[in-house]
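# Sequence plus the predicted model coming up.
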Amino acid sequence: MKNKERVNEFFNNAITKLKIAVIGDLMLDRYYFGEVKRISPEAPVPVNRVHRESMTLGGAGNVANNLAQLGVQVFAAGLVGADSNKEQLLTLMQAQNIDTTGLIVSQERPTITKLRVIGGSQQMLRLDFEQAGILSNQEQVELQAWLDKLLAQGLDAVIISDYAKGVCTPELCQYIIKQAHYQKVPVLVDPKGSDWHKYAQADYITPNVKEMGECIGLDLINEDEAIIQAAQEAMSTYAVRNIVVTRSEKGLTYVGRGLVLSDQATAREVFDVSGAGDTMAATFMSAVAGKLVLEDCLQVANLAAGVVVGKVGTQPIMRAELLESLQLANNNPICAKIASWEQAQLLIKNWQQQGKKVIFTNGCFDILHIGHANYLAQARNLGDKLVVGLNADSSVRALKGATRPLVDEEARAGLLASLACVDMVVLFTEQTPEQLLSVLRPDVLVKGGDYQLEQVLGREYVQEVALLDFTEGYSTSNLVEKISKLAKEGKL
């Protein structure tokens with residue numbers, strides 16, 4: 001990062017002041033998750049025993065969802081049908097505080113819906129429910145009026161999310177670009193199709209390699225020279241200002257007037273590339289609207305896309321996840337595990353949505369010893385992620401006396417975060433973790449074996465309480481007493 005402090009400050013705080021409009025093809029993504037253990041006796045096809053169903057925002061909705069999860073104030077516009085899927089889509093948007101006043105209900109077309117069947121972590125089948133068609137004159141007038149009102153009130157950016165389903169007509173795209181530029185608002189286009197004339201004068205176009213090739217009529221190879229030449233040709237032919245090509249494992253390449261920049265992707269386990277382009281576009285445009293330097297905009301967008309390809313299905317980037325990735329990118333993996341309450345809440349919710357079991361335990365952990373390490377390792381083995389609630393210095397003093405802690409909260413948090421079995425550390429100032437648990441809502445609360453179940457505070461906020469025995473012969477209090485005795489005897 002060229003400016004680490006500016007990037008961190010922006011994504012921690014300033015991003016919540018941004019206002020970005022997303023216009024395009026809105027979709028509802030449905031998922032059936034299950035497991036495959038046999039072949040059907042009726043036909044040579046696998047039988048997927050479904051465990052759960054989920055729904056999320058797709059298409060332009062996924063762009064809007066990514067922005068909302070990052071903390072941006074989002075305004076979405078597009079067509080939906082007069083059907084039950086519209087209601088599901090509205091519910092999902094409103095849950096993320098996405099403004100839905102730009103949604104136009106069509107009586108002729110259904111809400112675009114994609115149904116995916118997942119076996120294990122692999123997509124087995126996709127069913128599309130849609131009826132593509134261009135906007136009517138009345139629908140276009142309504143969308144233009146909606147945009148004009150928002151621009152007059154103040155926007156920081158506009159994103160056109162084109163999935164070639166009919167909303168992003170040449171007339172509407174040109175109207176958006178011209179009106180936004182009149183108000184000095186940048187426009188990013190996530191393109192579709194081979195004719196980019198409708199995107200003329202757009203500030204940023206974000207194709208993948210396949211889309212870049214389609215634009216210039218070539219089966220493009222994913223090599224630097226070929227990508228750069230294709231982007232420069234497209235810029236000349238279609239009068240677009242800047243192009244950012246998403247290149248899978250090779251990261252991103254930016255091509256502007258007389259400037260070429262690249263950011264390499266970090267090696268990650270890839271489960272699903274669905275929506276990675278949407279995440280990149282949303283994160284990049286947020287950074288641009290936040291006036292970060294271009295190199296940082298690219299690196300942050302690349303990091304965000306790298307996170308979502310490790311998820312199953314269309315999933316947005318969470319701000320806490322991005323901040324964690326930024327810490328790791330800045331070579332500070334320990335700090336990346338230390339989270340605020342808000343960050344921890346978002347990450348835990350995301351882990352749980354991925355089907356991961358989140359374990360929570362807490363303590364002072366003043367002078368970390370082998371007893372602590374054994375206890376934490378046992379707790380981690382009960383699930384997939386371990387979150388440690390750590391008493392801040394003020395609460396340790398309230399519990400242990402004025403001479404404690406011996407090790408300050410920053411050092412104690414760093415030591416805990418350095419353990420491989422610990423996935424997150426969250427500080428709290430109260431004497432008990434009850435309030436923290438009411439916010440985080442993990443799956444399992446782990447306490448020491450000296451507790452009785454009815455004594456465990458906060459148990460109503462978890463699904464299960466587990467009691468673990470401590471390793472005999474180890475305690476911080478005993479260590480403190482031993483050190484004090486040796487010091488009095490002059491043996492230290």
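That came in fine, so what should we check first? Numbers count the residues shown, from 1 in each chain.

# Need phi/psi at the one residue sitting closest to the centre of the chain.
Against the mean C-alpha coordinate of the chain, by CA atoms, centre = their mean, the closest residue is Ile317 at 1.3 Å. Dihedral angles phi and psi of Ile317 (degrees, to the nearest 10) take the values phi -80, psi 140.

# ok, now Gln452?
Here Gln452 shows phi and psi, under degrees, to the nearest 10, equal to phi -100, psi 150.

# okay, it: pLDDT?
What the model reports for Gln452 is a pLDDT of 81.

# what's it in contact with, if anything?
If you count contacts by CB atoms under 8 Å, 6 or more residues apart in numbering, Gln452 has none. Every C-beta, even on glycine, is put in place using the N, C-alpha and C of the backbone.

# Ok, Thr246 next?
206-209, 252, 276-277, 280, 305.

# repeat that for 10 Å
Thr246 makes contact with 190, 206-209, 211-212, 252-253, 265, 273, 276-277, 279-281, 284, 301-302, 305, according to CB atoms under 10 Å, 6 or more residues apart in numbering.

# Surely the residue nearest to the centre of the chain and Val63 touch.
No - using CB atoms under 10 Å, Ile317 makes no contact with Val63, being 11.3 Å away.

# Are there residues contacting both of the two? Which ones?
Common neighbours of Ile317 and Val63 (CB under 10 Å, 6+ apart) are 275, 278-280, 282.

# got JSON lines for the residues you listed, with secondary structure and neighbour count too?
What follows is those, written out as JSON lines (DSSP: H, G, I helix; E, B strand; the rest coil; neighbours: other CB atoms under 10 Å):
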{"residue": "Gly275", "secondary structure": "coil", "neighbour count": "27"}
{"residue": "Asp278", "secondary structure": "helix", "neighbour count": "31"}
{"residue": "Thr279", "secondary structure": "helix", "neighbour count": "31"}
{"residue": "Met280", "secondary structure": "helix", "neighbour count": "28"}
{"residue": "Ala282", "secondary structure": "helix", "neighbour count": "34"}
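
# of all those residues, which comes closest to Thr101?
Ala282 (19.9 Å; CB to CB).

# so how far is whichever helix or strand Ala231 is part of off the chain centroid?
Counting by DSSP states H and E, the element that carries Ala231 is helix 224-238. Distance of helix 224-238 from its chain centroid, counting by CA atoms, centre = their mean, to the nearest Å, is 30 Å.

# What residues sit buried inside it?
With burial defined by 16 or more other CB atoms under 10 Å, the residues of helix 224-238 counted as buried are 227-228, 230-232, 234-235, 238.

# Output those residues in TSV; the columns should cover distance to Ser121 and pLDDT.
Shown next, in TSV, are these (distance: CB to CB, whole Å; pLDDT from 0 to 100):
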residue	distance to Ser121	pLDDT
Ile227	30	94
Ile228	35	94
Ala230	33	95
Ala231	34	95
Gln232	39	95
Ala234	36	95
Met235	39	95
Tyr238	39	95
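
# among the helices and strands of this structure, which has the poorest mean pLDDT?
helix 476-488 (a mean of 64; mean pLDDT, DSSP states H and E).

# how deep is Leu328 tucked in, by neighbour count?
Here the number of neighbours of Leu328 (other CB atoms under 10 Å) works out to 16.

# still on that earlier bit, against Leu415, how distant is the residue nearest to the centre of the chain?
Distance of Ile317 to Leu415, given as CB to CB, to the nearest Å: 29 Å.

# And the strands in the stretch 151-300 of the chain?
157-161, 187-190, 204-205, 243-246, 252-256, 259-263 (DSSP state E, counting those that start in this stretch).

# My error: substitute the stretch 301-450 of the chain in the last question.
338-339, 358-363, 385-391, 424-428, 444-448.

# Ranked by average pLDDT, which of those strands falls at the bottom?
Looking across these, the weakest by mean pLDDT turns out to be strand 338-339, at a mean of 84.

# elements contacting that one?
Of the remaining helices and strands, those touching strand 338-339 by 3 or more CB pairs under 10 Å, 6 or more residues apart in numbering; DSSP states H and E are helix 319-329, helix 341-353, strand 385-391, helix 409-417, strand 424-428.

# Would you mind pulling the contact partners of it?
Strand 338-339 is contacted by residues 320, 323-324, 327, 332, 344-348, 387-388, 390, 410, 413-414, 416-417, 423-427, 440 when judged by CB under 10 Å, 6+ apart.

# Please work out how many residues are found near Arg30.
So Arg30, with other CB under 10 Å, has 19 neighbours.

# now do Asp195
13.

# any weak-confidence spans in this protein?
1, 264-275, 310-314, 329-334, 470-489, 491-492 (pLDDT under 70).

# if we go to 50?
266-273 (pLDDT under 50).

# What residue spans form the domains of it?
Taking automatic domain parsing as the reference, the chain has its domains at 4-318, 341-488.

# among the ones you listed, which is the most enclosed?
domain 4-318 (a mean of 19; mean count of other CB atoms under 10 Å).

# What separates the first and last residues of it, distance-wise?
One end of domain 4-318 sits 19 Å from the other (CA to CA, to the nearest Å).

# How far away from the center of its chain is that domain?
14 Å.

# same deal with stretch 454-472?
Computed by CA atoms, centre = their mean, the chain-centroid distance of stretch 454-472 equals 31 Å.

# Output it as PDB, restricted to C-alpha atoms.
Taking C-alpha atoms only, stretch 454-472 is exported to PDB below (Å, rounded to 0.1, in the frame of the first residue of the first chain):
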ATOM      1  CA  GLU A 454     -26.200 -22.400  35.900                       C
ATOM      2  CA  GLN A 455     -23.300 -20.100  36.900                       C
ATOM      3  CA  VAL A 456     -22.300 -19.400  33.200                       C
ATOM      4  CA  LEU A 457     -23.400 -15.800  32.300                       C
ATOM      5  CA  GLY A 458     -24.400 -15.200  28.700                       C
ATOM      6  CA  ARG A 459     -25.400 -18.800  28.100                       C
ATOM      7  CA  GLU A 460     -28.700 -17.600  26.700                       C
ATOM      8  CA  TYR A 461     -26.900 -16.100  23.700                       C
ATOM      9  CA  VAL A 462     -25.400 -19.400  22.500                       C
ATOM     10  CA  GLN A 463     -26.700 -22.700  21.300                       C
ATOM     11  CA  GLU A 464     -24.400 -24.800  23.600                       C
ATOM     12  CA  VAL A 465     -22.200 -24.400  26.700                       C
ATOM     13  CA  ALA A 466     -19.100 -26.700  27.100                       C
ATOM     14  CA  LEU A 467     -17.100 -27.000  30.300                       C
ATOM     15  CA  LEU A 468     -13.400 -28.000  30.000                       C
ATOM     16  CA  ASP A 469     -11.000 -29.000  32.700                       C
ATOM     17  CA  PHE A 470      -7.800 -26.800  33.200                       C
ATOM     18  CA  THR A 471      -4.400 -28.400  33.000                       C
ATOM     19  CA  GLU A 472      -3.400 -29.100  36.700                       C
END
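
# State which helix of this protein is the longest.
If you go by DSSP state H, the chain has its longest helix at helix 137-153.

# Please list the members of the contacts of Thr246 that lie in helices.
Judged by DSSP H, the contacts of Thr246 include 209, 211-212, 276-277, 279-281, 284, 301-302, 305 as members of helices.
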